[in-house]
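Chemist: Could you look at this predicted model? Sequence included:
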Amino acid sequence: IETHAQFILKNSKALKSDPSLIVQELKRLIHLDLLQSEETLRAILKRIEEPNPMPKKISTLAVITRDRPLALDRCLKSYIENAVRFGKRYTIIVSDDSKTEENRSANNEILKKIASKHPDFEIRYIGYEEKTRYIQRIVEKSGLPNESIRFLLLPDPGVHPFSAGANRNAILLDSIGEHI
């Protein structure tokens, strides 16, 4: 700091002051983080010049559906076609809130057909039975009330007709650790 103070006095025509006052002011500026060392500035510039690391790749595609097997079929075929075209591969999770066993079965059949055509895509299904198993395991392991966990994964459609949140909860449980 003293060297910088001497340099300032020597090279400034306006300043004809006591060097200790300049040292004091430089220390104040350092304390306020307004003055940085050359080493710190070089480190900052190096970080700025380095390219940003690649963002994490999406590893999982989650789809929520309810009573629309044909729309699910079109949706998944479109996503997979696009992924194949651009050389992407990811896991697909379908959370199904269909009211009838007929629609749940139709959705499962669609997933099986797509999986057989595209074996390099992992396709997982979360329907009523899978959510029920999650509820049982969570209640068993945590001791939390069944009604509370059931509300989070399978709310009563008569009381809570909109269940997108419950489906997102099921997807999050199924995809722990994945980048969705």
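Modeler: Perfect, I can see it now.

Chemist: roughly how far is stretch 159-169 from the heart of the chain?
Modeler: 20 Å (C-alpha atoms, centre = their mean, to the nearest Å).

Chemist: One more: stretch 150-162?
Modeler: Offset of stretch 150-162 from its chain centre (C-alpha atoms, centre = their mean): 26 Å.

Chemist: what does that stretch rub up against?
Modeler: 99, 128, 131, 132, 134, 135, 163, 166, 169, 170, 173 (C-beta atoms under 8 Å, 6 or more residues apart in numbering). (Glycine included, C-beta is placed from N, CA and C.)

Chemist: how far away is residue 114 from residue 75?
Modeler: Distance, residue 114 to residue 75, using C-beta to C-beta, to the nearest Å: 10 Å.

Chemist: residue ranges of the helices in the chain, please?
Modeler: Assignment of helices within the chain using DSSP state H yields the ranges 2-11, 19-31, 38-49, 69-85, 101-117, 128-142, 146-153, 164-174.

Chemist: buried stuff in the fourth one?
Modeler: For helix 69-85, a neighbour-count test (16 or more other C-beta atoms under 10 Å) marks 69, 72, 73, 75, 76, 79, 80, 83 as buried.

Chemist: close enough to count as contact, the first one and residue 104?
Modeler: No. Distance between residue 69 and residue 104: 9.2 Å, which falls outside the contact criterion (C-beta atoms under 8 Å).

Chemist: pLDDT weak spots in this structure?
Modeler: 13-17, 49-55, 180 (pLDDT under 70).

Chemist: Straight-line length of stretch 152-163, end to end?
Modeler: Taking C-alpha to C-alpha, to the nearest Å, the first and last residues of stretch 152-163 lie 9 Å apart.
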